[in-house]
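Novice: this one's sequence-less:
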């Protein structure tokens, strides 16, 4: 029995009262990437990339070119504002190719297929106008897709994550190690770069799953066994670490049977995100908020979902969205402890069908949290149920809504019904005026 | 449905007036024409009680060349229908008014008989003494053995209600034209087949004769011919001639203008063609064969199976002893099609005319509500393209003049009401006509236009006279003016000279005086105005017969040798010739120059002087002026008939599945017993639910209505369930038994708003787990509850998506859905309602939903409710204004607001939908708690 917090059917703060199902993919959709204010691309195991309009849900383009599943995707917009806005996206696939697509014309621009292994991550360094591909080695490319330089073979497993650091440096997660590379302008050629391994950080006990840059001074990495390490971005030293997510000492009254049943999977740090002051970590089924200044976890929801949280993101208004393998998307609000409201009571439906969780348990969970040290807590303000399988990722589009992608091959666009209704009225009267049949109709 | 006829029938004029005083006057188009004699306090149904038959029926009669007019069959085929009504007498009566020219003759310069592609004529005939009024549709079928190759038939729709016949003239005419067209197509096919066989026979005979001649030649080498040899030679010559004649006839029948069929979306031939291909197994590539030439296809496929036989040489004009039956005259496929069509007509027009009118009016109005009509109406039938002519009429909306012209052209029969005697109106025609020949087309048009308007007024007078006065014979006859100016009306011109119906006509003369009180309307068929150019020359002339004696001699001498039996036959024929008043000689050379002259305005100017007025019958006379006023060239009956006849394009219909039509007929008759209790007020004792939609949907409506009535009586929580549907929340009916679930789904389906024109929001039976995509598509789902593991998945999915659905458990009789505290649904579904019939309840629901639609329309299209009045107006004040409007102006309470908002959202989506793009189905929902209702 899980003690997942539930929210009833009455969700006043949940703005998403309209949904659009976008169909097209034939396999798991794993990646969503924003291209500009109103467009996004989706990619997944079927090797197809779709380009969508976030306003209408219209399918703009279909990119066919990869023969295997797509392993990484990155937008690559032109640094020149004066130049006509030319949006490119890079996609890497298990067929050992990287393709550059033009989002305006919907065409394939170029294809690189000289890789020895699957490219698992792509990073664009806007400042230098180059992009990096990480597989079994690290390659540096320019906009024209010339290979500028590459490292020697690092590992068979390949680079799992890349993050840009100041002073032309990048950190690459290779297995348990973090390797810092520096790009150096070569003297002989005008556009030549050399890549140099600067340092190896070996503090993690297990594979590094997530790597994110917090600000210019700090970046953070999380591993499979739940070690969260904060690094200085300039001298690459360890600033702080948190590795007690599973430790009962932090939560003294955690029941022993939960402890026993814990596997590394339940503490692995799937995803990290941050704002100015906090780092949000998706750890197993839970969400943890780590305050950088206080250097400790200030709020947590140990079982935010019924299974692993795959992606989290901070949105304005101190809210947080998480999605999980259980197929749900949840909206959380970071609240101070004093404002703790009464526990929302679910209506009887779950009980009626026999799938219910006793309210008591939720209450117990709430009590536990009160006794915990964090001064803040994460309040569930809404959940979005639509997907029938794991929600892999989502993309927050502000007032345009939220796009979620899932293993059930679907993308769902969640929208604010009120706003959409207003917009439709606006369109309606525009069309009326345009058709000038206002007279006739009324 | 705008209004429920049940209610209308009991509305008194006084009540209406009271209402009119207190409220702003109802637009004319929303009112139903009052019964014209209501002011006298008469029971509107009293006067038709004298009729001798119990219900409307269709009668098919033939003017047999052997026995004169005789009834062939009635639809429905039930002796009870006609009761004591004298079908024989009535057949004689309706056949007597066939002014049709079905004649034969030699056109100048042509050596061979010519087939005349005769057009149908349409007549309205009344006999108030008998209490019978009839729309009579005359047609001729080809028969190789008949005199002049033609057999005159007529189909009559007989009703006790004169108004029905007059007001539905357009519709009846259009429907019967289709039936007639179908029958004639089949007949042409059969005729072509017959010709083919005959040609084979002749060919074979020729070969035999030729061989005999050769043998004779060889046998006698004396250098001179014996009489035997000369006879043989003569026989051979006459056979040769006969072959040429028949070949020519075949060519003519094959080249019949099939274009017409193509244009009218009428493809009855298709299935038959495929069938033959399979049956015959011939290697000819039939995929390329043109549908328009069925005769050809069949000739090839049928030939191999036919063994030619030797026949006596005899000219085509010879009589046969036994005439073919109607069924034999027509290809069986087309014959059944025609019968289906006639059954359909009977079903469509049965019952009280009030139903028909209400239905027509609501249909027209519905068509105009292009923004909202998709919500609760089945608009697929409105989409159907009306026939071209009528379309033209509709398009001339803005220009009154154009419209008038169009409607005048397309209003089909120009009815001439003659207050004089039959003789005078007919006989004056050819003389007057000649004066008109030189007139150009244009001035006539304008004249007729102005004339038309006056006549409108005259007509009312004439009509009243016609229906009130007794002892005076009123006949109405007219002709369709063809757009091309081609003679369409030799029906009248040729009348005095045309041979075939002459016998009947002479009888008519005497009969006519017998019937003292009658109304007759005659017109020719508008559907025949598409004769191709090359046919025009030969068109008026009929088949030219060869000089009779010439061939007959050969034939008679030839006969005894080959087929002694035929001698008797021959005698019979000659006896027949005596018994039949006309002999075929009169056919020869009877064509008059008049036939070739255009007679478009036949009834017009000349008749004007004679006090003859012409007017198209109007579907609803009282309302007509008002309609014209308020709609600005409202396409009166054109529009109506355009939307009126949807079923005949129904594919089901064309596939000729008679079971379907039969069963729906039974369905209708079922309710007859129901009605009989209330039938004392009904004109004919037949049920009236004959809406002009396809019968299946009609059946569905009734069934749904009945089920819905049962539902709201049985389930105390019907209101929240209906609210769920109206507010766009998917309702899942969960149950183990398919029949029960489907019944509930059918019951509830009448409350489901459509999300778009082509969306189908009702799913009757699902066995797999539901997904969020399903809730976008379907708003009412029947779901199977299973005990198996798969069933657990189904329930799990249901509980997962519980926020999007309301669940009606048919097994445990529970409902889980949001609370409803509004007032609207209680009016819609009152469990103590007095309504007993399913179809009535359906109409009640429709009328309330229509009200709802108008509210939603108002809400959607009020500019200030959605957009700021001033630039800086905050969103909150707009929201306030919006809520105030919903609450105060529209008088909506609580959850009713959500219903209107949902409907408004659907309207918006529909309106802003780009034509090219499909509507992206979206799911709107609320985060509201649900409650569990139990009985």
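Specialist: Structure's in. What do you need? Everything numeric in this text was worked out from a predicted model, so none of it was measured.

Novice: pLDDT below threshold where in the stretch 201-350 of chain A?
Specialist: Across the stretch 201-350 of chain A, the ranges flagged by pLDDT under 70 are A:244-265, A:338-350.

Novice: Just give me the longest helix of chain A.
Specialist: If you go by DSSP state H, chain A has its longest helix at helix A:417-435.

Novice: In terms of pLDDT, where does the closest residue to residue A:152 other than its chain neighbours sit?
Specialist: For residue A:152, ignoring the flanking residues on the chain, the nearest one in space by Cβ to Cβ, 6 or more residues apart in numbering or on different chains is residue A:137 at 6.6 Å. (C-beta placed from N, C-alpha, C; glycine too.) In this prediction, residue A:137 carries a pLDDT score of 87.

Novice: Distance of residue A:137 relative to residue A:97?
Specialist: 16 Å (Cβ to Cβ, to the nearest Å).

Novice: And residue B:324, by the same measure?
Specialist: The spacing between residue B:324 and residue A:97, counted by Cβ to Cβ, is 78 Å.

Novice: What of residue B:371?
Specialist: 52 Å.

Novice: Next: residue A:230.
Specialist: Counting by Cβ to Cβ, the gap from residue A:230 to residue A:97 is 36 Å.

Novice: Could you do residue B:786 as well?
Specialist: For residue B:786, the distance to residue A:97 equals 47 Å [Cβ to Cβ].

Novice: same question, residue A:328
Specialist: Taken as Cβ to Cβ, the span from residue A:328 to residue A:97 is 35 Å.

Novice: so residue A:134 touches residue A:119, yeah?
Specialist: Yes. The pair residue A:134 and residue A:119 passes the contact test of Cβ atoms under 8 Å, sitting 6.6 Å apart.

Novice: could you pull out the strands for the stretch 751-900 of chain B?
Specialist: Under the criterion DSSP state E, counting those that start in this stretch, strands of the stretch 751-900 of chain B are mapped to B:762-766, B:780-784, B:805-809, B:814-818.

Novice: Tell me the residue of the stretch 351-500 of chain B that sits nearest chain A?
Specialist: residue B:371 (6.4 Å; Cβ to the nearest Cβ).

Novice: Chain neighbours aside, what residue packs nearest to the closest residue to chain B within the stretch 151-300 of chain A?
Specialist: Per Cβ to the nearest Cβ, residue A:285 is where the stretch 151-300 of chain A lies closest to chain B, at 18.1 Å. Spatially, and ignoring its direct neighbours in sequence, residue A:285 is nearest to residue A:303 (4.9 Å; Cβ to Cβ, 6+ apart).

Novice: Give me the distance between that neighbour and residue B:794.
Specialist: 27 Å.

Novice: Can you get me a residue count around residue B:931?
Specialist: 16 (other Cβ atoms under 10 Å in any protein chain shown).

Novice: Return the mean pLDDT over stretch B:862-875, rounded to an integer.
Specialist: 85.

Novice: Give me the distance from the longest helix of chain A to the chain's centre.
Specialist: For helix A:417-435, the separation from the chain centroid amounts to 33 Å (computed by Cα atoms, centre = their mean, to the nearest Å).
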